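In: Pasted the sequence and its predicted model underneath.
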Amino acid sequence: MNISFVLNGQAVALDAAPDQRAVDLLRGLGALRPDGADANDAPGVCAVKDVKDVKEGCGTGECGACSILVDGVHKLSCLLLAAQLHGREITTASGLGSKAAPHPIQQAFAEHGAVQCGFCSPGMSIAAAALLAENPQPTRDEVRRALSGNLCRCTGYVMIVDAVQAAADAMRCDSSMLHDAPPTLRDTAQASRKAPQAAPNKARKKAGRP
């Protein structure tokens with residue numbers, strides 16, 4: 001089936017199997033032509049590179065390593081079908097910032113020692129970005145709850161929480177960051193700030209569908 005979506009600001013159109021998972025599609029984009037044929041079979045390789053910052057850990061929605069933003073909302077790509085990306089705007093950790101211009105969350109992770117083996121870092125960054133879009137001044141408990149579905153086996157979480165709060169401070173000091181954010185993340189942030197604050201829901205990001 002033909003699907004199209006925007007990935008980190010770049011339009012993507014290709015053919016996906018009906019039962020293909022979003023995480024597999026994203027991680028294998030560079031091996032596909034727009035019509036789904038293998039890159040070795042014919043010229044015209046899909047211009048989008050593999051999205052290796054979307055990791056697969058558990059494959060069951062428990063570890064958070066495959067986290068992405070779908071229209072600005074935190075989702076687990078191992079629980080999504082590729083078809084569910086159709087017509088959506090997808091942001092991965094590499095779409096938050098770059099090596100030359102890192103997002104404050106990515107910068108804070110590096111400065112506070114929240115990155116060790118690095119496997120969980122992309123998913124943690126996405127979860128943190130979704131949190132700060134909704135709540136620019138989270139308490140430590142609110143950060144812990146928001147990241148409760150993202151597992152890390154290296155840092156013990158203290159440095160990760162420190163980094164998220166440092167990023168929140170940096171983003172509040174630089175209000176222009178909201179204008180530089182991915183459009184759907186920016187829109188989500190603006191809408192959430194206008195809406196009444198709901199009670200925290202520990203399980204809110206476990207839902208696999210947009």
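Out: That came through fine. Numbers count the residues shown, from 1 in each chain.
In: Give the bridge partners for the most centrally placed residue in the chain, please.
Out: When Cα atoms, centre = their mean is applied to the chain, the residue found nearest the centroid is residue 68 (2.9 Å). Applying DSSP bridges to residue 68 yields these beta-bridge partners: residue 75.
In: contacting residues for it?
Out: By Cβ atoms under 8 Å, 6 or more residues apart in numbering, the residues touching residue 68 are 22, 26, 54, 74, 75, 76, 77, 90, 91, 92, 126. From N, CA and C alone the C-beta is placed, and that goes for glycine too.
In: Count the residues that sit near the second one.
Out: Residue 26 is flanked by 25 other residues according to other Cβ atoms under 10 Å.
In: For it, list the residues it contacts.
Out: Counted by Cβ under 8 Å, 6+ apart, residue 26 has contacts 7, 50, 51, 54, 68, 77, 90, 92.
In: how close does it sit to residue 72?
Out: Residue 26 sits 17 Å away from residue 72, going by Cβ to Cβ, to the nearest Å.
In: how far is the helix or strand where residue 129 lies from where the chain is centred?
Out: Secondary structure from DSSP states H and E places residue 129 in helix 121-134. The chain centre lies 7 Å from the centre of helix 121-134; the measure is Cα atoms, centre = their mean, to the nearest Å.
In: what do you get for stretch 108-122?
Out: So, by Cα atoms, centre = their mean, the centroid of stretch 108-122 is 15 Å from its chain's centroid.
In: do the same with stretch 59-77
Out: That offset, for stretch 59-77, works out to 7 Å (Cα atoms, centre = their mean).
In: pLDDT averaged over it, what's the number?
Out: Across stretch 59-77, pLDDT averages out at 97.
In: Show the end-to-end separation of that stretch, please.
Out: End-to-end distance of stretch 59-77 (Cα to Cα, to the nearest Å): 9 Å.
In: likewise stretch 92-103?
Out: End to end - Cα to Cα - stretch 92-103 spans 12 Å.
In: Find the residue closest to residue 103 in space, skipping its chain neighbours.
Out: Spatial nearest neighbour of residue 103, chain neighbours left out: residue 97 (3.4 Å); criterion: Cβ to Cβ, 6 or more residues apart in numbering.
In: Contacts only, for the one you found.
Out: Residue 97 is in contact with 103, 105, 106, 107, counting by Cβ under 8 Å, 6+ apart.
In: And the helices in the protein?
Out: All helices of the chain, identified by DSSP state H, fall at 22-27, 93-96, 104-111, 121-134, 140-146, 158-173, 177-180, 183-194.
In: Out of the ones you listed, which gets nearest to residue 86?
Out: helix 22-27 (10.5 Å; Cβ to Cβ).
In: Compute the mean per-residue pLDDT across the closest one, please.
Out: 95.
In: now do stretch 88-102
Out: pLDDT averaged over stretch 88-102 gives 93.
In: Between the two ends of that stretch, how far is it?
Out: End-to-end distance for stretch 88-102, by Cα to Cα: 24 Å.
In: And stretch 76-89, by the same measure?
Out: End-to-end for stretch 76-89, by Cα to Cα: 14 Å.
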